[in-house]
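Student: 3D model of this:
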Amino acid sequence: MAAIYGLEYSCRALCARPSDDNDEGDILNFLVGTCSARHDNQLHALAFDDESEEITSQVYSYPQGAIQALSCNNLDRSMVAVLRESADLDYSVALHKLGEGSTLEDEATAVLNSKPQSFVWHPNDSHSLAVASETQLALYDTSTTVQLEVAYLHACTCSSTACLSTTLSLDTLTHPV
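Tutor: Have a look, this model is predicted:
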């Protein structure tokens, strides 16, 4: 027997979600984000019961733009970071709290200068999120929405094969994003 779950719109984002303390048995949790350019998008919280092969879902409306990527917080399963693309092709990472019912609460947003290559939560700190782009690596404190550190990545222009291709410089920033 196979389990199938259908989406209303195409999907580009999928991430594993930590299990709920109340989950009994083998429950696998995922978040799926749609990326429609014409419709309000959706964030689907899925729970797959491995024993009964049943899927339960909670669907959250997401009108803020196409969901390009997702990252779930390992320490706080209600928190999710969403890379979204607006109609103007601007990129931002938005933090949301998955509430009761179909409530999706906005926590913070970081508007980015370029499309991030990846972003990930710190494994031991539920308030730290790292965002990497082609030219920088930024660390955010999500409890205060302050960009804590930024590392600028500079490509080497010399022709030596022995030269390291990337240098790293850290600056501490104290302004809100």
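
Student: And stretch 85-93, what's buried?
Tutor: 85, 91, 92, 93 (16 or more other Cβ atoms under 10 Å). C-betas here are computed from N, CA, C, even on glycine.

Student: in the sheet, who's paired with the last one?
Tutor: Going back to what we said before, that points to residue 93. With DSSP bridges as the criterion, residue 93 is bridged to residue 83, residue 110.

Student: residues in contact with it?
Tutor: Under the criterion of Cβ atoms under 8 Å, 6 or more residues apart in numbering, the neighbours of residue 93 are 81, 82, 83, 84, 109, 110, 112, 116, 119, 129, 131.

Student: bridging residues for the last one?
Tutor: Residue 131 forms beta bridges with residue 119, residue 138, as assigned by DSSP bridges.

Student: pLDDT value on it, please?
Tutor: pLDDT, residue 131: 85.

Student: For residue 114, see how far away it is.
Tutor: Per Cβ to Cβ, to the nearest Å, residue 131 is found 11 Å from residue 114.

Student: So for those two, which sits in the more crowded spot?
Tutor: The neighbour count for residue 131 versus residue 114, taken as other Cβ atoms under 10 Å, is higher for residue 131 (22 against 10).

Student: I'd assumed residue 116 was in contact with the more buried one.
Tutor: Yes. Under the criterion of Cβ atoms under 8 Å, residue 131 makes contact with residue 116 at 5.1 Å.

Student: Quickly note the distance from residue 53 to residue 15.
Tutor: Going from residue 53 to residue 15 by Cβ to Cβ gives 21 Å.

Student: do residue 49 as well
Tutor: Where residue 15 is concerned, residue 49 sits at a distance of 19 Å (Cβ to Cβ).

Student: What of residue 54?
Tutor: As defined by Cβ to Cβ, residue 54 lies at a distance of 21 Å from residue 15.

Student: cool, and residue 96?
Tutor: Note on residue 96: its distance to residue 15, by Cβ to Cβ, is 13 Å.

Student: the more surrounded of these two?
Tutor: residue 96 (21 against 15).

Student: Which strand or helix spans that one?
Tutor: Secondary structure assigned from DSSP states H and E places residue 96 in strand 91-98.

Student: same question, residue 46
Tutor: In this structure, residue 46 sits in strand 41-49 according to DSSP H and E.
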